[in-house]
Structures are given as structure tokens and as C-alpha cells.
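Trainee: Provided below are the primary sequence and the corresponding predicted coordinates.
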Amino acid sequence: MTALPTSPARRRSLRWRLAWTFTLLTILVVMAQALALFLSSEEQEEELIDEVVNTALDGVIGPHARDVPLPSHLSLYHAPLGTLPRGLPAGMETLALGNHEWFIGGVEYHVGVRDGSGERYYLLYDTREHEERLERLLTALVVGVAVLSAMALWLGQWLADTQLRQLKGLAARVARDDAAPFTEPEQDEEVASLALALDDYRARNAALIAREREFTANVSHELRTPLTRIRTSAELLAETTPDRERAQRIVLAVDELERRLRGLLFLARGNTPLRLETVALYPLVESLAEQYRDACTRQGLSLLNLVHPEASVEADPAVLSLILDNLLSNAVRYAGAGQISIHTGAGWVAVRDTGVGIPADQLAQVFERHYRISDLPDGSGLGLSIVRQLAERCGWRCELSSEPGTGTESRLVFAG
């Protein structure tokens, strides 16, 4: 059997691409600003700490020195030059005059070193409170970036919907096959260009369809007139000639040709309504099989009508006849000297042959237009393509199963 068509791959959404682009740009800008704010705050804090350290040293050194208690985050050590102040953290005595950063037990200290009044002073600033403020600032910035990112995503979707509203409306009108022009005065320039192109395409397509319908109508008229004459002549011949059987076959062939013509016109016109009626399958198959009796005899091929005598289906006789005739034609062409049989079941009719079969790797392609089995030179590659199109128009489906060297079954399933 032919594989069922798979659903197309999910397409990327332009709406989401626009929304995510806006969101990512917003996040990048906000993160850059947040990072700049954090680094700027940290730098200013560092400068402010050094200024506090220098101001405190000015207050304890020199002629205007005053004995003022220091805050808890400041620690002062001093001793005469050449001696170490008592309690000074190890290693700090190596610091030169000026401002430094020093770590003790993982805690950062800003250290001011200065000489005055014959002594060396060390003032330590504990930055833990400062670090806690920076951590709170960083947390606030992270939360702010997250909130703004969520808002940016919502805003991006809203902006994308707003910008694509005209395009979505245009797509909906195309899907509805709206008869009004697609171009509208309030459309944006880009959407208007697309709408104008669609209007132009629809106009050209309508002209093409009109020409095709005119052509098919002309073909129908021009072919039916000589076919009617042939049929009438054959009927008269059947009444006057001893070889009535051959004349009757001409009449049957003309009837079959007219049915084929109706089926092909139905396929070409597209919107032609079906002429549904109850079709008895056995006599229809028998009349089709009769057209191939001589060819089968010449090939040494047996043609068996095994359709149940009471089998019937609601269908357009011309369309059903064209489908079954194509299936029979293919079977006769490729069955060789074996056997062809036509069967029916619950909701289906099948044509089976004992021919060369179809390679498994080509089963899925035989319904394509102009596709031919590589090992078989005959045929135009149109028969099964027509069968599939007609079946789909009727809500049916055609299934193939085949085994190379054994034969093929073509099954027309009337349930969609």
C-alpha cells in the first residue's frame, strides 16, 4: 500500500521571531545598563571609602588633631616611627604611605598609611557593610532584569501581533478566496505591495482558468459530435451486418470514450458537481472488461470478473468508470501472460494481476504525474496520477500493494 502523506514540518513563526528579537535586544540593553550601574556604583563606593579614610586620618594627625571616637568599621593603629603598632595585622607594616586594599580572613579592608608628629598611622576600613550594599544592589538589578525581560517578551508579542495584523488579515482573506481586491487604502507599504502582487496573480490565474474552461468546453463539443455520429453509424451497422458483435463493440467503445471524456472534463473543470447515483459494479466492470477481451486473448491473459453480482456504490458513473478503466489498462499492459481478476469487498473494489510487480522503492512514486516504472518502457505515467486525483475529488483513496515477480493489487477504497 502507498504510505500516507506525512504532515509538513512545523514552520518557524514570524510572530515569535519578531517577539524574541525585540526581547533579546531589550535584555541586552537592560543588562548592559545594569552592569554599567553596578560597576559605576562599586567604583564610587571605593572612592568614597578612600575619602572617608583620608578624612579620618586628617582628624587624628597634625595640629588640628582631636580625640574623637571612631566608628566601629574604622580601626586605628599608630606607633613611633621605626616601631610596630601593637595589634597591627601581620604583614601590614610593609605597606608604603598612601591608600591600599588588604584582605584579612576573606574580608576586604581599605588601609590608609600616613606619617605625622613622629609616628606612623594605619587606619583600617572594614568594607563588609559596603559589600552587603553592593550585593543588595546586584540582587535588585538581577530581579529588575528578570521582570523587564518578562515585560519585554509580552510587549514583543503585542508589538509583533500589531505589526503582523494586516499580514494575517491578508492571509485569512487569501484562504477564504475573498472576491474583493486584496489591496486596501490603509495597508502599510510592504503589505500593500504583497496585496497588489496577489491581486495581479489572481487576475492572471482567473484568465488562465477561463481559457482552460473555454478550451475544455470546445474540446467537449468538438469530440462529442463525431462520437455521436460514430455511435449512430455503428448502431445502424449492427442492424444490417452479419458481424453484429463487432459493431456492438464499436458502440460500447464509443460509450466508454464518452464516459472517459466526462471524467476528464470533471477533473479539468475542478468545481463540476458529481452526478451521484447507485452504480451496479458487476455490469460496469463487465463492460470495461469487454474492451480488453481481444487484447487479453492475444497476450494469453485470462480476465476474470469476480465482482459480487449485487455489489453497488453511490458514485458518478463516468468518474468511477474512468478510474476502473485506468486500473484495468495498467493491469493488462503489465500482466504479461498471467491472470487479471477484479474483486469487491466491504467498501472497496480491487484489480489484481500476476504481472511483474512494482519494486518496493517505487511504490510511493507511481501516483506522481509522468512517473514510470524504470523497468517498464510502456505508458505515459499519467494513468495512476489521474486515478489518484479523481479518487481524491470523490473522497476515496487508491491503495497499491505489490510484490516484484508475483503481481500487483490496485484497490479503490470508497470510504475516505
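Mentor: Cool, got the structure.

Trainee: Now do the helices in the stretch 51-200 of the chain.
Mentor: Under the criterion DSSP state H, counting those that start in this stretch, the stretch 51-200 of the chain contains helices at 128-176, 189-240.

Trainee: Please apply the same query to the stretch 301-416 of the chain.
Mentor: Using DSSP H, counting those that start in this stretch, the helices of the stretch 301-416 of the chain run over residues 317-334, 383-394.

Trainee: what stretches of the stretch 201-350 of the chain score poorly on pLDDT?
Mentor: Along the stretch 201-350 of the chain, segments meeting pLDDT under 70 span 221, 259-260, 262-264, 266-272.

Trainee: same deal with the stretch 1-150 of the chain?
Mentor: Low-confidence segments of the stretch 1-150 of the chain, defined by pLDDT under 70, span residues 1-11, 62-68.

Trainee: how does this protein divide into domains?
Mentor: The record, using automatic domain parsing to delimit domains, assigns the chain the ranges 15-83+96-148, 181-272, 273-413.

Trainee: Return the most buried member of those.
Mentor: Comparing those by mean neighbour count (mean count of other Cβ atoms under 10 Å), domain 273-413 comes out on top with a mean of 17. All C-beta atoms are positioned from the backbone trio N, CA, C, and that covers glycine.

Trainee: now do the same end-to-end measure for that domain.
Mentor: Distance across domain 273-413, first residue to last, is 20 Å (Cα to Cα, to the nearest Å).

Trainee: distance of E392 from A346?
Mentor: E392 sits 21 Å away from A346, taking Cβ to Cβ, to the nearest Å as the criterion.

Trainee: Next up, phi/psi of the residue nearest to S149 when sequence neighbours are not counted, please.
Mentor: Closest residue in space to S149, ignoring its immediate chain neighbours: I27 at 5.0 Å, by Cβ to Cβ, 6 or more residues apart in numbering. Phi and psi for I27, reported as degrees, to the nearest 10, are phi -60, psi -40.

Trainee: quick one, what contacts I27?
Mentor: Counting by Cβ atoms under 8 Å, 6 or more residues apart in numbering, I27 makes contact with V145, L148, S149, A152.

Trainee: Nearest to Y122 among these?
Mentor: Proximity to Y122 was ranked across these by Cβ to Cβ; first place goes to V145, at 40.8 Å.

Trainee: wait, doesn't the closest one sit right on M31?
Mentor: Yes. The pair V145 and M31 qualifies as a contact (Cβ atoms under 8 Å) at a distance of 5.8 Å.

Trainee: Give me the common contacts of those two.
Mentor: Common neighbours of V145 and M31 (Cβ under 8 Å, 6+ apart) do not exist.

Trainee: one step back: now tabulate the helices of the stretch 51-200 of the chain in a markdown table and tack on distance to P309.
Mentor: Formatted as a markdown table, the entries for the helices of the stretch 51-200 of the chain read as follows, by distance: least, Cβ to Cβ, whole Å:
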| stretch | distance to P309 |
| --- | --- |
| helix 128-176 | 47 |
| helix 189-240 | 27 |
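
Trainee: Please name whichever of the ones you listed is nearest to Q365.
Mentor: Proximity to Q365, assessed across those by Cβ to Cβ, is greatest for helix 189-240 (26.8 Å).

Trainee: The closest one - contacts with which helices or strands?
Mentor: In terms of contact count using 3 or more Cβ pairs under 8 Å, 6 or more residues apart in numbering; DSSP states H and E, helix 189-240 is assigned the packing partners helix 128-176, helix 244-269.

Trainee: closest to E235 out of those?
Mentor: E235 lies closest, by Cβ to Cβ, to one member of the helices and strands packed on helix 189-240: helix 244-269, at 5.8 Å.

Trainee: Columns distance to R17 on top of the helices and strands packed on helix 189-240, output as a markdown table?
Mentor: Formatted as a markdown table, the helices and strands packed on helix 189-240 follow (distance: least, Cβ to Cβ, whole Å):
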| stretch | distance to R17 |
| --- | --- |
| helix 128-176 | 8 |
| helix 244-269 | 40 |
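
Trainee: Contacts only, for I323.
Mentor: Neighbouring residues of I323 by Cβ under 8 Å, 6+ apart: G263, V387, L390, A391, C398, L412.

Trainee: looking at the sheet around the last one, what are its partners?
Mentor: Okay, so that is L412. With DSSP bridges applied, the residues forming beta bridges to L412 are V349, C398.

Trainee: Was I right to think it contacts N326?
Mentor: No. Contact criterion Cβ under 8 Å: L412 and N326 do not qualify, at 10.2 Å.

Trainee: Mutual contacts of those two, please.
Mentor: Counting by Cβ under 8 Å, 6+ apart, the contacts common to L412 and N326 are V387.

Trainee: Am I right that S41 is in contact with L134?
Mentor: Yes. Between S41 and L134 a contact is recorded at 6.9 Å, counting by Cβ under 8 Å.

Trainee: between the longest strand belonging to the chain and helix 128-176, how many degrees?
Mentor: When every strand of the chain is counted residue by residue (DSSP state E), the longest turns out to be strand 107-116. Counting by axes from the mean of the first three to the mean of the last three Cα atoms, to 10 degrees, strand 107-116 points 130 degrees away from the direction of helix 128-176.
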